[in-house]
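Peer 1: Here's my sequence, what's the structure:
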Amino acid sequence: MAKSVSQDAISTILANPSPDSSSDIPEIIVQVLDLKLTGNRYTFNASDGKMKLRAIFPSNMSSEIITGGVQNKGLVRILDYTLNDIPNKSEKYLIVTKCEVVSPALETEIKAEVETEEHDTVLKKPKLEYEARYEAKADVSGIILKPKQEIVSKSAAQIVHEQRANMAPSSRMAMTRRVHPLVSLNPYQGNWMIKVRLTSKGNMRTYKNARGEGCVFNVELTDEDGTQIQATMFNEAARKFYEKFQLGKVYYISRGTLKVANKQFKTVQNDYEMTLNENSVVEEASNEETFIPETKFNFVPIEQLGPYVNGRELVDIIGVIQSVNPVSNIKRRIDNENIPKRDLIVADETKKTVVVSLWNELANNVGQELFDNADKYPIVAIKSLKVGDFQGVSLSTLGKSSVMINPDIPEAKKLRSWYDSEGKGSSMASIGLGLSPSSKTGARSMYTDRVSLTHITSNPSLGDEKPAFFSIKAFVSLIRPEQAMWYRACKTCNKKVTEAVGSGYWCEGCQKNDEECNLRYIMVSKISDTRGEAWVSAFNEEAEKIVGCSADELDKLKSEQGDIDGYQQKLKEATWVPHLFKVSVTQNEYNNEKRQRITVKAVAPINFAEESRFLLEEIKKMRNPQ
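Peer 2: Numbers count the residues shown, from 1 in each chain. Predicted coordinates for the structure are as follows:
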């Protein structure tokens, strides 16, 4: 016999909006109608042939929907759910927290005719009849919804006394109260309890505003389905819960409030954020079965990192390790404390590479493991990275960042297959150095923020508080041949080396001696456009594009061959060639005087088709200034 929907399934759900446990739920089979992706969740109308109810599938069902397991007009059995009110409306919507597929898509929508007056009453007033007076007889035995009891007038003292007498210990409450999944929470909900693992904990911070001084810290919580939410605690709540929250432990949390998340500051994929106050309840889930949530990533391809540079939004990446530097110590300006740092170069299927800096414990622990296994080209998935502008585009870990080596996820398997079959032999280019003069690179395009050199040189305060970035079309008009154009660099970490006693070169960063070293450009040149000129600094990769050869090759031309004329001719050939420059403008202090410093961040040749389109757009703006 073909599967069908359960009789009066929607009425049964409406009459029992929050079952105490999944064992209390009768067999509820509904038909899926109007299935669609809304935001990052799949919504549908649950139908029993008579009534329909708006509903949301849990996040762990997304793969079933994508692969065709759950289909429009198909049947599903609801195993657990929560019923929520729709704000400012008399309607409700169903949060399906657990379900299973019963049947693929049927040919038609199931519809049942209303046969009796009794059923007609149910359709019109399900809440009144089923919650107050009606005995629901579903298509299963033993399911009886009892009528409401009469209200007996009691004094406030009697009510408080009875509540205290019946109050269960907090450990028992955790077992008896219903746990809500994070996906079902919203600001309009009443009492709820969640069971979550602490997956990230921020530092306690102090602040000062018009209302006074205070302290605050944030945590990231993840439930069994992998759904995340950020929780914030201020002042008394911050002091109360800071020591209680321990990374990796599982907690029952209740009596918090929710509000719509501020997109500018949110660090997890959730429409809401939570605030815990001093009256909130946080209890560790000990001596019982806990869970390890699935880490959810939102990977950004390396070639698409440009628009995130210097933004507040954090990114996740997955890639193949190309090289790992030894750990180094960076002195922090605030307190002169040495902070361990380790740089990785990571590549992905876009054939682009990016430098990822691991800081603090990640540099020593995971970083050392990667250093030891770099020759095996492991896959890394890194969550919550900040995108900076060092070398054009760079990534850095934060306190909340996490690194997974060779994770067991589909994206890692796909990347490994590509790298072993094709990627290993492919030519890789740095995303920061390979900026294309095309609008596709978003915020990092050579055609955004285009200015003349006089715009920079006539504004001496530019870059005073933070670096300012501009695009320029200019010529290299002068490269002084007598300048020190390069330095001796370690072949491992690129830091400056000194001549060792006896022979070879000593690297302070790597703490080792090497027989050979590389030469890396540190070049100053004058660039000119139609309105002005300025001196700029260019480092190794950018200088190579300007000069047309490496520092080692230019040094051989100058010293080994003794061809001074050839050396000067090479520099002369590099002048009066047009380039597109991406530059940063900062303020440096020299002899107690602030000076502007312009640094070349990227160099690209002129693409005349793109340049023509850009100029036509500029002409249009001049003709139609509005």
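
Peer 1: contacts for the helix or strand containing L571?
Peer 2: L571 belongs to helix 564-573 when assigned by DSSP states H and E. For helix 564-573, the surrounding residues in contact (C-beta atoms under 8 Å, 6 or more residues apart in numbering) are I479, P481, V547, G548, C549, L554, L557, K558. Every residue, glycine included, has its C-beta placed from N, CA and C.

Peer 1: now that helix, how far from the chain's geometric center?
Peer 2: Counting by C-alpha atoms, centre = their mean, to the nearest Å, helix 564-573 is centred 49 Å from the centre of its parent chain.

Peer 1: In the following helix or strand past that helix, which residues are buried?
Peer 2: Downstream of helix 564-573, the first helix or strand assigned by DSSP H and E is strand 578-590. The neighbour-count check on strand 578-590 (16 or more other C-beta atoms under 10 Å) flags H579, L580, F581, K582, V583, S584, V585, Q587 as buried.

Peer 1: List the beta-bridge partners for the last one.
Peer 2: Residues in a beta bridge with Q587, per DSSP bridges, are Q596.

Peer 1: That one touches A468, doesn't it?
Peer 2: No. Using C-beta atoms under 8 Å, Q587 makes no contact with A468, being 10.0 Å away.

Peer 1: Please enumerate the shared neighbours of those two.
Peer 2: Common neighbours of Q587 and A468 (C-beta under 8 Å, 6+ apart) do not exist.

Peer 1: Spatially nearest residue to the residue nearest the centre of the chain (excluding sequence neighbours)?
Peer 2: Nearest to the mean C-alpha position of the chain, counting by C-alpha atoms, centre = their mean, stands V315 at 3.6 Å. Spatial nearest neighbour of V315, chain neighbours left out: V300 (4.5 Å); criterion: C-beta to C-beta, 6 or more residues apart in numbering.

Peer 1: how close does the one you found get to K352?
Peer 2: V300 sits 12 Å away from K352, going by C-beta to C-beta, to the nearest Å.

Peer 1: Among these two, which residue is more densely surrounded?
Peer 2: K352 (22 against 19; other C-beta atoms under 10 Å).

Peer 1: and the angle from the helix or strand hosting K621 to strand 578-590?
Peer 2: Per DSSP H and E, K621 falls inside helix 608-623. Interaxial angle of helix 608-623 relative to strand 578-590 (axes from the mean of the first three to the mean of the last three C-alpha atoms, to 10 degrees): 70 degrees.

Peer 1: returning to what we had before: out of the contacts of helix 564-573, the closest to A489 would be?
Peer 2: L554 (14.6 Å; C-beta to C-beta).

Peer 1: List phi and psi for the closest one.
Peer 2: phi -70, psi -40 (degrees, to the nearest 10).

Peer 1: isn't it right up against I546?
Peer 2: No. Using C-beta under 8 Å, L554 makes no contact with I546, being 11.4 Å away.

Peer 1: Look up the closest residue to L519, ignoring the ones flanking it.
Peer 2: A551 (3.9 Å).

Peer 1: nope, V583 is what I was after
Peer 2: I598 (5.3 Å).

Peer 1: these two touch, right, the one you found and N459?
Peer 2: No. Assessed by C-beta under 8 Å, I598 is found out of contact with N459, at 11.9 Å.

Peer 1: Spell out the residue ranges of the strands in the stretch 201-350 of the chain.
Peer 2: For the stretch 201-350 of the chain, applying DSSP state E, counting those that start in this stretch gives strands covering 205-209, 212-222, 228-234, 250-254, 257-260, 272-276, 281-284, 315-324, 328-331, 338-347.

Peer 1: Poorly predicted segments of the stretch 1-150 of the chain, please.
Peer 2: For the stretch 1-150 of the chain, the stretches flagged by pLDDT under 70 are 1-2, 20-24, 39-40, 59-60, 86-90, 113-150.

Peer 1: Sketch out the strands for it, chain order is fine.
Peer 2: 28-38, 41-47, 52-56, 75-85, 92-103.

Peer 1: Which among the ones you listed is found nearest to A609?
Peer 2: Short answer: strand 28-38, nearest of these by C-beta to C-beta, at 37.7 Å.

Peer 1: hmm, back to that, may I see the buried residues of the helix holding K621?
Peer 2: E610, E611, F614.

Peer 1: what's the burial count for L358?
Peer 2: L358 has 27 nearby residues by other C-beta under 10 Å.

Peer 1: Could you do K496 as well?
Peer 2: Around K496 there are 16 residues (other C-beta under 10 Å).

Peer 1: Could you list everything it pairs with in the sheet?
Peer 2: The partner residues for K496, given DSSP bridges, come to A489.

Peer 1: Count the neighbours of K558 for me.
Peer 2: 18.

Peer 1: same deal with N209?
Peer 2: 7.

Peer 1: Report how many residues lie close to the closest residue to P19 other than its chain neighbours.
Peer 2: Nearest non-adjacent residue to P19, counting by C-beta to C-beta, 6+ apart: I25, 5.2 Å away. Close neighbours of I25, defined as other C-beta under 10 Å, add up to 19.

Peer 1: was I right about I25 contacting D80?
Peer 2: Yes. Assessed by C-beta under 8 Å, I25 is found in contact with D80 at 6.6 Å.

Peer 1: got any residues that touch both of the two?
Peer 2: With C-beta under 8 Å, 6+ apart as the test, I25 and D80 both reach P19.

Peer 1: residues in contact with I479?
Peer 2: M523, S525, K526, I546, V547, L571, A574, T575.

Peer 1: and F581, what does it touch?
Peer 2: Applying C-beta under 8 Å, 6+ apart, the residues near F581 are S471, I472, K473, A474, I527, V536, V600, A602, V603.

Peer 1: Having no further points to raise, I will conclude here.
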